[in-house]
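Q: coordinates only, sequence not included:
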């Protein structure tokens with residue numbers, strides 16, 4: 001059983017790690033670091049490092065670079081490690097049945113995070129025209145919220161409600177394939193938009 005304080009800490013870490021990855025780049029957003037932190041919180045660092053390290057190698061093999069959306073192996077490492085430790089799931093099984101599907105599914109949340117930050121970018125543009133420096137600063141900082149929520153909410157719901165919730169989301173995406181197709185198309189367009 002995952003304790004409420006563990007869910008809270010892992011949710012906060014998930015929100016922080018994506019902002020770190022996009023700004024500070026201290027490696028707190030890497031899968032191996034996520035496995036370590038999750039293992040530390042859950043009480044089994046060895047399992048966390050094994051799962052995180054495996055996913056780190058996976059990302060090196062299929063990672064995308066530049067403005068492209070990519071699989072979210074960091075959140076996959078958090079969830080696979082947490083469920084592996086709390087439910088006694090074999091690490092290899094946790095990687096193949098939890099980490100990889102979650103990492104692939106959360107690509108859609110990466111796209112949503114990217115799309116919603118454009119709202120704040122337009123507000124920053126308007127503030128620049130008005131020479132509103134406080135507005136620029138405020139909207140820049142608020143732009144981190146969609147990113148943080150794009151990782152924190154899925155991790156929170158998965159940890160709080162368990163495997164049935166995750167399977168329900170997967171089934172929902174399959175049922176409404178047009179939503180997944182639209183997000184996939186948006187994700188493919190983002191690098192081109194960035195170049196433009």
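A: Looks like it arrived, so ask away. Model, not experiment: these values are computed from the prediction.
Q: For the rest of this, base every contact and every neighbour count on C-alpha atoms.
A: Noted.
Q: any idea which helix or strand carries the residue nearest the centre of the chain?
A: Note on the chain: the residue nearest the mean C-alpha position is residue 151, at 3.7 Å, using Cα atoms, centre = their mean. When elements are assigned from DSSP states H and E, residue 151 belongs to helix 144-161.
Q: what's in contact with that helix?
A: The contact list for helix 144-161, computed with Cα atoms under 8 Å, 6 or more residues apart in numbering, reads 2, 4, 7-8, 10-16, 18-19, 75, 78-79, 82, 106, 109-110, 112-114, 116-117, 165-166.
Q: buried sites along the longest helix seen in the chain?
A: Across the chain, the longest stretch assigned as helix under DSSP state H is helix 107-129. Judged by neighbour count (16 or more other Cα atoms under 10 Å), helix 107-129 contains these buried residues: 107-115, 117, 120-121, 124, 127.
Q: how much does that helix deviate in direction from helix 144-161?
A: On the basis of axes from the mean of the first three to the mean of the last three Cα atoms, to 10 degrees, helix 107-129 is oriented at 150 degrees to helix 144-161.
Q: Does anything pack onto helix 107-129? Which helices or strands?
A: Other elements packing on helix 107-129 under the criterion 3 or more Cα pairs under 8 Å, 6 or more residues apart in numbering; DSSP states H and E are helix 133-142, helix 144-161, helix 177-195.
Q: before we move on, back to that, buried subset of the contacts of helix 144-161 as a PyMOL selection?
A: Buried residues among the contacts of helix 144-161 (16+ other Cα under 10 Å), as a PyMOL selection:
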select buried, resi 7+8+10+11+12+13+14+15+16+18+19+75+78+79+82+106+109+110+112+113+114+117+166
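Q: Filter the contacts of helix 144-161 down to the ones in helices?
A: Cross-referencing these against helices under DSSP H gives 4, 7-8, 10-16, 18-19, 75, 78-79, 82, 109-110, 112-114, 116-117, 165-166.
Q: Return the distance of the residue lying closest to residue 124 once chain neighbours are set aside relative to residue 47.
A: If the residues on either side of it in the chain are set aside, residue 124 comes closest to residue 136, at 5.0 Å by Cα to Cα, 6 or more residues apart in numbering. Distance of residue 136 to residue 47, computed by Cα to Cα, to the nearest Å: 43 Å.
Q: mind giving me TSV with the buried residues of helix 107-129 and columns for distance to residue 96 and pLDDT?
A: As requested, the buried residues of helix 107-129 are exported to TSV (distance: Cα to Cα, whole Å; pLDDT from 0 to 100):
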residue	distance to residue 96	pLDDT
107	17	82
108	19	82
109	20	86
110	21	84
111	23	83
112	25	85
113	25	85
114	27	82
115	29	85
117	32	88
120	37	92
121	38	91
124	42	94
127	47	95
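Q: shouldn't residue 75 be in contact with residue 103?
A: Yes: contact status for residue 75 versus residue 103: in contact at 6.6 Å, counting by Cα atoms under 8 Å.
Q: which residues of this structure score low on pLDDT?
A: Where the chain drops to pLDDT under 70, the residues are 61-69, 163, 165-174, 179-196.
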